[in-house]
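Fold the following and give me the result.
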Amino acid sequence: MTLRFSVLASGSTGNAFYIESEQERLLVDAGLSGKQMDRLFQEIDIDPASLSGILVTHEHSDHIKGLGIVARKYQLPIYANEKTWKAMEGSIGKITTDQKFLFNMHEVKTFNDMDVESFGVSHDAAEPMFYTFHHHGKKVALVTDLGYVSERIKKTVEQADAYVFEANHDVSMLRMGKYPWNVKRRILGDSGHISNEDSGLALADIIGNNTQRIYLAHLSLDNNMKDLARMSVDSVLKEHGISLDLMDTDHQSPTTLYEVG
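I've put the predicted structure just below:
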């Protein structure tokens, strides 16, 4: 086995990502209730008590809603940067000191046989960061909640074997949709979320010969549709001569555990 992962849930109502190697089992974010998190793990046949720890990307509630509950219930260590710890402290309940760990931005941490690299993204949170996972020459990149994809991010996540990558909205649907203008402006801005088209353009720059699969993530329930996201990203990739498996994620159902071959 190399790396296996499941996007447990993805979208503005809650996000959680599970990844494992032979010796490690990690959860990134717990943005759904404790009960829902248990159900998602049950659906992929993984016992949350077997997790090694939880990595946090940022303090927005769709990423930390069940964090405190899951960490306390299963006695799991939580890893986050200092600003995120400060920003989320009031929302996750009491966490004991021996469960609190620092994971700084642009740092590589080794968890047994898995190396995890953190990188900063442009999003309206205290110090948002996402992760790439490395194991025996294989690489998985988790990249959502970004207003734009900087050259630095591209360099960090390029040539991964698999991507979980944001395709948040269709610009026309967002512009014509029901959101108030200030919310639309936030989403369209440099610290909001990226559109289907921008997702395709970024992916065209970063995928390599070893890239096997892309999961389109953090789709807006109001301003996007799975088919539309897939079609839009696919057409941009095809314009660049790239044809790849594009997979859906869901806001309340996990993807099947996928093994990076």
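
In contact with the residue lying closest to residue 232 once chain neighbours are set aside, which residues?
Nearest residue to residue 232 in three dimensions, chain neighbours excluded: residue 196, at 3.6 Å (CB to CB, 6 or more residues apart in numbering). Yep, even glycine has a C-beta here, placed from its N, CA and C like the rest. Contact partners of residue 196, counting by CB atoms under 8 Å, 6 or more residues apart in numbering, are 167-170, 224, 228-229, 232-233.

Between the residues you listed, which sits nearest residue 57?
Lowest distance from residue 57 to the contacts of residue 196 (CB to CB) belongs to residue 168, with 14.7 Å.

how close does the closest one get to residue 153?
Taken as CB to CB, to the nearest Å, the spacing of residue 168 relative to residue 153 amounts to 15 Å.

out of those two, which sits in the more crowded spot?
Comparing residue 168 with residue 153 by neighbour count (other CB atoms under 10 Å), the higher total belongs to residue 168, at 26 against 20.

Can you show me the strands along the stretch 51-200 of the chain?
Here the stretch 51-200 of the chain has its strands, by DSSP state E, counting those that start in this stretch, at 53-55, 78-80, 100-102, 108-111, 114-120, 129-135, 138-143, 162-166.

Adding pLDDT, write the contacts of residue 196 out as a markdown table.
As requested, those are arranged in a markdown table below (pLDDT from 0 to 100):
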| residue | pLDDT |
| --- | --- |
| 167 | 98 |
| 168 | 97 |
| 169 | 96 |
| 170 | 95 |
| 224 | 97 |
| 228 | 97 |
| 229 | 98 |
| 232 | 98 |
| 233 | 98 |
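
Go through the residues you listed and name the one nearest residue 4.
residue 167 (22.9 Å).

burial count for the closest one?
32.

Next: residue 216.
Residues lying near residue 216 (other CB under 10 Å) number 29.

Wait, a helix at it?
No - under DSSP: H, G, I helix; E, B strand; the rest coil, residue 216 sits outside any helix and is assigned strand.

and it, what pLDDT?
Residue 216 carries a pLDDT score of 98 in this model.

what separates the residue lying farthest from the centre of the chain from residue 223, distance-wise?
For the chain, the largest distance from the centre (CA atoms, centre = their mean) belongs to residue 176, which lies 27.1 Å off. Separation of residue 176 from residue 223 (CB to CB) stands at 9 Å.

what's the answer for residue 22, then?
To residue 223, residue 22 is 40 Å away according to CB to CB.

So which residues of the stretch 1-150 of the chain form helices?
For the stretch 1-150 of the chain, helices defined by DSSP state H, counting those that start in this stretch occupy the ranges 34-43, 61-64, 67-74, 82-88.

Check the offset of the shortest one from the chain's centre.
Helix 61-64 sits 11 Å away from the centroid of its parent chain (CA atoms, centre = their mean, to the nearest Å).
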